[in-house]
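Visitor: sequence and predicted structure, then a few things I'm wondering about:
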Amino acid sequence: MNGIDDWTASARRVFFALLDDWNRQDAAAMAGRFAERGSLVGFDGSAIDGRACIQAHLTPIFAAHPTPLFVAKVREVRRMAAGQTLLLRAVAGMWPRGQDALDPRFNAVQTLVLSLCDGAYAIEMFQNTPAAFHGRPEEAEKLTAELRELGPPRAA
């Protein structure tokens, strides 16, 4: 691969690895994908800054809850700042562990900003926003149907 394929593949690889870390409930691996001063904005609006704080935030969540499993579809990868920065936009859904149906209450729009650090892309910002589509139930249903087609995530 070269050119566009390299940076697009890199962004997708980091994104799906991050979701796999979540699905495995591995706070250390998930935090390790962030730049040292990276930031995370969670589904509930929590803003967490710094790799160590991200791990400290996720560890008790994973210890206390069987978090649902992510499935996602990348909508766009955009190169910015001469390839030093990438923007990835995606949609995601969650399947409660042990269930055979997606829970549309957890559908989200996700944004990932990556920067090139020592030859590899690291996450500068990950934002997970509820896909509420207020006043547009047909949009919510359309997204749920699209995410449902992805099928349940592989075993974590």
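Guide: Cool, got the structure.
Visitor: check contacts around residue 18.
Guide: Residue 18 sits next to 30, 33, 112, 123, 126 when contact means Cβ atoms under 8 Å, 6 or more residues apart in numbering. For glycine as for every other residue, the C-beta is placed from the backbone atoms N, C-alpha and C.
Visitor: how does it look with 10 Å?
Guide: Neighbouring residues of residue 18 by Cβ atoms under 10 Å, 6 or more residues apart in numbering: 29-34, 40, 70, 72, 110, 112, 123, 126.
Visitor: likewise for residue 78?
Guide: 7-8, 11, 85-89.
Visitor: for this protein, just list every one of the helices.
Guide: In the chain, the segments counted as helices under DSSP state H are 4-23, 27-32, 51-64, 137-148.
Visitor: dump the ones you listed into TSV; add mean pLDDT and distance to residue 101 as well.
Guide: Listed next are those as TSV, based on pLDDT from 0 to 100; distance: least, Cβ to Cβ, whole Å:
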stretch	mean pLDDT	distance to residue 101
helix 4-23	92	17
helix 27-32	98	25
helix 51-64	97	23
helix 137-148	95	8
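Visitor: in a markdown table: the ones you listed, plus distance to residue 96.
Guide: Shown next, in a markdown table, are the helices of the chain (distance: least, Cβ to Cβ, whole Å):
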| stretch | distance to residue 96 |
| --- | --- |
| helix 4-23 | 12 |
| helix 27-32 | 19 |
| helix 51-64 | 15 |
| helix 137-148 | 14 |
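Visitor: just these: most buried one?
Guide: Among the helices of the chain, helix 27-32 has the highest mean neighbour count (mean count of other Cβ atoms under 10 Å), at a mean of 19.
Visitor: helices or strands up against it?
Guide: Under the contact definition 3 or more Cβ pairs under 10 Å, 6 or more residues apart in numbering; DSSP states H and E, helix 27-32 sits against helix 4-23, strand 34-41, helix 51-64, strand 120-130.
Visitor: only alpha carbons, please: show that helix as PDB.
Guide: The C-alpha trace of helix 27-32 is given here as PDB (Å, rounded to 0.1, in the frame of the first residue of the first chain):
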ATOM      1  CA  ALA A  27      -8.400  -0.200  29.900                       C
ATOM      2  CA  ALA A  28      -4.600  -0.200  29.600                       C
ATOM      3  CA  ALA A  29      -4.600  -1.200  25.900                       C
ATOM      4  CA  MET A  30      -7.300   1.400  25.200                       C
ATOM      5  CA  ALA A  31      -5.500   4.200  27.000                       C
ATOM      6  CA  GLY A  32      -2.200   3.200  25.300                       C
END
